[in-house]
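In: With the input below, show me the fold.
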Amino acid sequence: MTSFEKFLYFILLPIIAVLCYPPELLRTGPTVLGILIGAMLLLGILLWRGRSLALTFAIFLQGLNVIIRIMMILPNTVDKAGKINLPMGLAMLVGLVLSLYLVLRLDRVDVRRTMVR
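Out: Just a heads-up that it's a prediction; the model follows:
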């Protein structure tokens, strides 16, 4: 794997996948947002260093994100009155697809070869 691929799969895409919500929702909790970005950066650094346990945890987190988004896409997109919240629905769908892609991509042989411990 090249350094750009490592940066993309270990740091950038996981942060985007977990934080893929409309901006008005993200503005409501800046402290939680900072903690989450910091935790994902730490996980990315551990992945970059080749920690196999960090890879297992990253796959678990992205898989959990897929499950949560599947359960929450309909309740967050359509309210009780039947009104559709399109930005939330699109953000949930993009986050779901990106997390699913990362789960499948991080479990491949070329990624596992980069893990040394």
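In: in the strand or helix carrying residue 90, what counts as buried?
Out: Here residue 90, judged by DSSP states H and E, is contained in helix 86-106. Neighbour counts over helix 86-106 (16 or more other Cβ atoms under 10 Å) mark 88-89, 91-92, 95-96, 98-100, 102-103, 105-106 as buried. C-betas here are computed from N, CA, C, even on glycine.
In: Kindly report the same for stretch 36-51.
Out: Using 16+ other Cβ under 10 Å as the burial criterion, the residues of stretch 36-51 that qualify are 40, 43-44, 46-48, 51.
In: Can you give the distance of it from its chain's centre?
Out: Distance of stretch 36-51 from the chain centroid (Cα atoms, centre = their mean, to the nearest Å) equals 12 Å.
In: what's the burial count for residue 20?
Out: 20 (other Cβ atoms under 10 Å).
In: That one against residue 91, yeah?
Out: Yes. Counting by Cβ atoms under 8 Å, residue 20 does reach residue 91; the two are 5.2 Å apart.
In: next one: phi and psi at residue 84?
Out: phi -100, psi 130 (degrees, to the nearest 10).
In: ok so, going back, can I get the buried residues of helix 86-106 in a markdown table including distance to residue 81 and pLDDT?
Out: Output for these, formatted as a markdown table (distance: Cβ to Cβ, whole Å; pLDDT from 0 to 100):
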| residue | distance to residue 81 | pLDDT |
| --- | --- | --- |
| 88 | 15 | 90 |
| 89 | 15 | 91 |
| 91 | 20 | 92 |
| 92 | 19 | 93 |
| 95 | 25 | 94 |
| 96 | 24 | 95 |
| 98 | 30 | 96 |
| 99 | 29 | 96 |
| 100 | 30 | 96 |
| 102 | 35 | 95 |
| 103 | 35 | 95 |
| 105 | 39 | 94 |
| 106 | 40 | 93 |
